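Chemist: model this:
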Amino acid sequence: MTVPAPLPPFPASTEPVPDGAPRQRGLPAWGVGVGAGVALLPALLAVAQLGRIHPDEVYQLLEPAWFRAHGYGVLAWEWRVGLRNWAAPLVASGLLRLASVLGLMHPLAYRALLAVPQVALHGWMLWAAYRFAERRVGAHGGLLAMLAVGLYGPVLVFAGRTLGESLSAAFLVVAMEALDRPERSARAGLVGGAVLGLAVVVRYGSAVMVLMALVWLVGARRWRTLAWTCLAGGVVAVGLGVLDHVTWGRPFHSFLAYVDFNVLSGQAARQFGASPPSFYLGPWLRGLPGWIWLAVPLAWVAWRQRPSLSLPALCAVGYFAALLFTAHKEERFLYPGLLLLVLAAAPVAAGFVVSREAAAWRAVGGALLLLTAVVPGGFFLSEDLRGDQFRAIVSATRDEGTRGLLIVNEGLWGAGGFFYIGKNIPWMTCDWPQDANFQRAMRDTRFNRAVTFEGRALAELQAAGFRVVGRVGRETMLTRP
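Modeler: Numbers count the residues shown, from 1 in each chain. Just a heads-up that it's a prediction; the model follows:
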């Protein structure tokens, strides 16, 4: 194994780039502006769409954070047995307390505030993607590769969401770029090790990537970088152990419980179901951008000329292998691996485009590269984001007269929790008028607000004294005196 060559297989200009030649560092001003706009896109989409692409968005980060900030909230079973650590929810709870101090009481306002550090993390990720590509294909190729990563469909879907996969994948990209640096080995190791540690803290499944990165450093014989990486990662690990000791009463309690539940005991497969390895084939193929099939043969040609093993590609392959042999499977688990695969391939495709002599070919090639990058996002969107429901819940509970809320045609884990209700009132979910929760709410006069999906139980609600006050998409909002 050798360290990836600092020179690109496809230079950014028509003139060859000699060994040791100085390279342009940093984006031009207009490139920084474009990059900032792209960094904002996922958060803007998430806040504008509202809803969720998976219940974990709410109940593994937003709701625990709300509980920590305000003393009440719905805690999923993982937070009762200690299967998660409190790092990310504690950061979010601090921002929620800041929102209260600033008078940001509307759910959309404090949800937007929570997006600010995520936008910063995403911007850092895109800068890392630029630096990773710029070392190989120059400034123009680096900018095109950065845009190909930033506009990659799954990034637009996931990066603004409060999922462990979303946060961890961004940290992983930063780590890949840091460890890939041929210079300043101490700084590269410190940054790489720290963000690798953070990637694991926000999502334990990313530990596979850490192991693969360490294998790559050993194979490349980058001993100094390896030492600093282990040191920085160890500091983060100690911090996690202290946090778990304070919150769960035992160092590394959440990590050990996670490994036992998901790997050793088989409880995850029994509780959530098991799938064969073929489960991932379709989502994996649909998740790849069209241009990657151009990058594969180009990368092979470049490898034949100058053999080197790509760090993000190695981590992605190792991660995919681990997913195949893990019994419980979900499409969203693919996201971090897909992103690293795109990071590895983007410089190859971008280098090919910017090396074309004709400006027209460069323009057409760049446009096709970016357009085909967006397409896979459609395959990872939830069939129903519940955006209408979340917006209806926010609207129905804003006035001071709200004392209780019933959500019809929805289960507990599909609802927005106290985070989107924004006040300490009783609320329940139900599916049908004959359900116990529905009957209880009809008898309890505190329940004076209701939201129903596609009009289910509308007649029964009106018979109990509710009247329609508005509609948001497929959701109907009702109130009663």
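Chemist: Then Thr372 would be within a helix, right?
Modeler: Yes. Thr372: assigned to a helix according to DSSP: H, G, I helix; E, B strand; the rest coil.
Chemist: And for it, nearest residue in space, chain neighbours not counted?
Modeler: For Thr372, ignoring the flanking residues on the chain, the nearest one in space by C-beta to C-beta, 6 or more residues apart in numbering is Gly290 at 3.6 Å. Just so you know, the C-beta spots here come from the backbone N, C-alpha and C atoms, and that holds for glycine as well.
Chemist: got it, and Trp427?
Modeler: Leu405 is the one closest to Trp427 (C-beta to C-beta, 6+ apart), at 4.1 Å.
Chemist: go on, Ser93?
Modeler: Looking at Ser93 with C-beta to C-beta, 6+ apart, the closest residue is Arg68, at 3.7 Å.
Chemist: What does the one you found show for phi and psi?
Modeler: Torsion angles at Arg68 (phi, psi; degrees, to the nearest 10) stand at phi -70, psi -40.
Chemist: on that earlier part again, would you check that the residue nearest to Thr372 makes contact with Ala349?
Modeler: No. Gly290 lies out of contact with Ala349 (C-beta atoms under 8 Å); the separation is 10.1 Å.
Chemist: what about the two, which has more around it?
Modeler: Ala349 (32 against 13; other C-beta atoms under 10 Å).
Chemist: Report all helices and strands that whichever strand or helix holds that one contacts.
Modeler: Ala349 is part of helix 335-354, with elements assigned from DSSP states H and E. In this structure, helix 335-354 packs against helix 107-150, helix 153-158, helix 164-180, helix 281-287, helix 292-305, helix 311-324, helix 359-374, with contacts taken as 3 or more C-beta pairs under 8 Å, 6 or more residues apart in numbering; DSSP states H and E.
Chemist: Which of the ones you listed comes out lowest on mean pLDDT?
Modeler: Of all those, mean pLDDT reaches its minimum on helix 292-305 (a mean of 82).
Chemist: quick one: contacts of that one?
Modeler: 9-10, 341-342, 345-346, 348-349, 351-352 (C-beta atoms under 8 Å, 6 or more residues apart in numbering).
Chemist: buried sites along it?
Modeler: Of the residues in helix 292-305, 292, 294-295, 298-299, 302 count as buried by neighbour count, 16 or more other C-beta atoms under 10 Å.
Chemist: any low-confidence regions in the stretch 1-150 of the chain?
Modeler: Counting by pLDDT under 70, the stretch 1-150 of the chain has low-confidence residues at 1-26.
Chemist: Where does Gly470 sit: helix, strand or coil?
Modeler: Put simply, Gly470 is strand when judged by three-state DSSP.
Chemist: Which residues does it form beta bridges with?
Modeler: Met477 (DSSP bridges).
Chemist: is it true that it touches Ser395?
Modeler: Yes. Contact status for Gly470 versus Ser395: in contact at 6.8 Å, counting by C-beta under 8 Å.
Chemist: Compare these two (neighbour count), which wins?
Modeler: It is Ser395, of Gly470 and Ser395, that has more neighbours when counted by other C-beta under 10 Å, with 16 against 12.
Chemist: Is there a neighbour count for the residue nearest to Trp427? I'd like the number.
Modeler: When neighbours are counted by other C-beta under 10 Å, Leu405 registers 23.
Chemist: show me the contacts for it.
Modeler: Neighbour list for Leu405: 393, 396-397, 421, 425-428, 447, 449-451 [criterion: C-beta under 8 Å, 6+ apart].
Chemist: Now with 6 Å, please.
Modeler: By C-beta atoms under 6 Å, 6 or more residues apart in numbering, Leu405 lies in contact with 397, 427, 449.
Chemist: burial of the first one, as a residue count?
Modeler: Thr397 has 22 neighbouring residues, counting by other C-beta under 10 Å.
Chemist: So it versus Gly417, what's the distance?
Modeler: As judged by C-beta to C-beta, to the nearest Å, Thr397 and Gly417 stand 12 Å apart.
Chemist: Bridged to Phe453, which residues?
Modeler: Applying DSSP bridges, one finds that Phe453 bridges with Glu475.
Chemist: I figured it was touching Asn409, is that so?
Modeler: Yes. Between Phe453 and Asn409 there is a contact at 3.8 Å, judged by C-beta atoms under 6 Å.
Chemist: For Gly84, give me phi and psi.
Modeler: No Gly there; residue 84 is Arg. Dihedral pair for Arg84: phi -130, psi 160, per degrees, to the nearest 10.
Chemist: what separates it from Leu61, distance-wise?
Modeler: 9 Å.
Chemist: Leaving out chain neighbours, which residue sits closest to the spatially most central residue of the chain?
Modeler: The residue lying closest to the centre of the chain (C-alpha atoms, centre = their mean) is Ser166, at 1.0 Å. Distance criterion C-beta to C-beta, 6+ apart; nearest residue to Ser166, sequence neighbours excluded, is Phe158 at 4.7 Å.
Chemist: Tell me how the protein divides into domains.
Modeler: Structural domains annotated on the chain: 29-379, 387-479, as defined by automatic domain parsing.
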